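Enquirer: need a structure here:
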Amino acid sequence: MRSLLLGLCLLLGGCSQWLFYPQAGLPVTPAVLQLDYRDVYLQAADGTRLHAWWLPAAPGVAPRGTVLHLHGNGGNLAWHLQGVAWLPAQGYQVLMLDYRGYGLSAGQPSLPAVYQDIEAAFAWLAQAPDVQGKPLVVLGQSLGGALAVRYLAEHAEQRQRLQALLLDGVPASYRGVARHALGSHWLTWALQYPLSWLLPEQESAAYAIEHLQGLPILIYHSPDDAVVPLANGVQLYQAAQPPRVFQPTRGEHVQTFAEPVWREVMLRYLEDPQGYRGLRRLGEIANPDHPH
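Expert: Purely as a prediction, here's the structure:
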């Protein structure tokens, strides 16, 4: 069904609109998980009003740093809350951004307009008192990671503010992922190459990640990912400049942080992004249910 929708969007709209599947409104808030939070409203350079959630460090936990979370192409903040809900208890404050057209944010998402939304988030973080003097990292999941790579490649001043960039299940090539989706259904299989050429390939992460010199990057990707195949993560790792770490995981698309072991990898990585080498093979991961 997703491939059919993709094909229809490309035929009717083309360009970048197919990348975004926004859901208006917010069915839940972080309160459902008993998390402290604050609604934050930002304004993009073109005047678009954006909504975000600010999750402070848990009560009694000293703040260790701040995470700017850029979610994937479907749903809105509420759909992606579980990916970062664990961070406040570990001392990491989180700014969760909804791009234009998502949740309570105004406008309609498209490229390059969405980069203004990321710029607005960085501007808010630059003046937020609780953020100053602490490490700042970006966590981009799926499309959010691709947007982060492209944005940071063109904004050295923001790149220099970061301690690290974390990518989870990120597409290396928009056309490649489109061909994968279109090729998964017999009704759209023959259209995978002609329709994929309607996409803004020059915006893809694979063309930008090499320009993030000096920025430590941790790349998570699962061989079980049926939406963005593992080859995407490998391609990004190969194109990135050191220091970078490729961390294979297990599980479905961007379900990485449902597993405590991958949370622990992130926490250890953030202790020393320049020197961390990661759990390079799945066999190195301890099974908590069957300890050695």
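
Enquirer: contacts, neighbours, all on C-alpha from now
Expert: Noted.

Enquirer: and the helices in this structure, which stretches?
Expert: Listed from the start of the chain, the chain has helices (DSSP state H) covering 2-12, 77-80, 113-127, 143-153, 156-159, 174-182, 192-196, 230-239, 260-271.

Enquirer: ranking those by burial, who's on top?
Expert: Mean neighbours per residue, mean count of other C-alpha atoms under 10 Å, is largest over the helices of the chain for helix 143-153, with a mean of 24.

Enquirer: mind giving me the packing neighbours of it?
Expert: Applying 3 or more C-alpha pairs under 8 Å, 6 or more residues apart in numbering; DSSP states H and E, one finds that helix 143-153 contacts strand 65-70, helix 113-127, strand 136-141, helix 156-159, strand 164-168.

Enquirer: next one: residue 152 relative to residue 159, how far apart?
Expert: Distance, residue 152 to residue 159, by C-alpha to C-alpha, to the nearest Å: 6 Å.

Enquirer: and the helices and strands packed on helix 143-153: which comes nearest residue 44?
Expert: Among the helices and strands packed on helix 143-153, helix 113-127 comes nearest to residue 44, with 5.3 Å by C-alpha to C-alpha.

Enquirer: not counting its own residues, what contacts that closest one?
Expert: If you take C-alpha atoms under 8 Å, 6 or more residues apart in numbering as the criterion, helix 113-127 is touched by 42-46, 50, 68, 97, 99-100, 131-132, 147-148, 151, 158.

Enquirer: which one (most neighbours) among these?
Expert: Ranked by the number of neighbours (other C-alpha atoms under 10 Å), the contacts of helix 113-127 place residue 99 first, at 34 neighbours.

Enquirer: contacts only, for that residue.
Expert: Taking C-alpha under 8 Å, 6+ apart, we find residue 99 in contact with 50, 51, 105, 109, 114, 117, 118.

Enquirer: leaving out chain neighbours, which residue sits closest to the third one?
Expert: This means residue 105. Closest residue to residue 105 apart from its sequence neighbours, by C-alpha to C-alpha, 6 or more residues apart in numbering: residue 50 at 4.3 Å.

Enquirer: what score does that neighbour have for pLDDT?
Expert: Looking at residue 50, its pLDDT reads 98.

Enquirer: for residue 236, same thing?
Expert: Model confidence at residue 236 (pLDDT) stands at 97.

Enquirer: give me the common contacts of residue 152 and residue 159.
Expert: Common neighbours of residue 152 and residue 159 (C-alpha under 8 Å, 6+ apart) are residue 212.

Enquirer: where's residue 144 relative to residue 38, distance?
Expert: Counting by C-alpha to C-alpha, the gap from residue 144 to residue 38 is 22 Å.

Enquirer: with residue 83 instead?
Expert: Separation of residue 83 from residue 38 (C-alpha to C-alpha) stands at 18 Å.

Enquirer: wait, residue 104 touches residue 51, no?
Expert: Yes: using C-alpha atoms under 8 Å, residue 104 makes contact with residue 51 at a distance of 5.7 Å.

Enquirer: please name the bridge partners of residue 49.
Expert: Beta-bridge pairing of residue 49, defined through DSSP bridges, involves residue 43.

Enquirer: what number of residues lie near it?
Expert: If you count neighbours by other C-alpha under 10 Å, residue 49 ends up with 19.

Enquirer: equivalent analysis for residue 62, please.
Expert: Count around residue 62 with other C-alpha under 10 Å applied: 13.

Enquirer: residue contacts, the residue nearest to residue 105?
Expert: With contacts defined as C-alpha under 8 Å, 6+ apart, residue 50 is in contact with 41, 42, 43, 44, 97, 98, 99, 100, 104, 105, 106, 117.

Enquirer: got a list of what the third one touches?
Expert: Listed by C-alpha under 8 Å, 6+ apart, the contact set of residue 43 reads 49, 50, 117, 120.

Enquirer: cool, the second one as well?
Expert: Neighbouring residues of residue 42 by C-alpha under 8 Å, 6+ apart: 49, 50, 51, 52, 120, 121, 124.

Enquirer: from residue 259, how far out is it?
Expert: Applying C-alpha to C-alpha to residue 42 and residue 259 gives a distance of 32 Å.

Enquirer: the fifth one too?
Expert: Using C-alpha to C-alpha, we find residue 97 at a distance of 23 Å from residue 259.

Enquirer: low pLDDT regions in the chain?
Expert: 1-18, 175-202, 279-292 (pLDDT under 70).

Enquirer: from memory residue 216 sits against residue 274, does it?
Expert: Yes: the criterion here is C-alpha under 8 Å, and residue 216 meets it with residue 274 at 6.2 Å.
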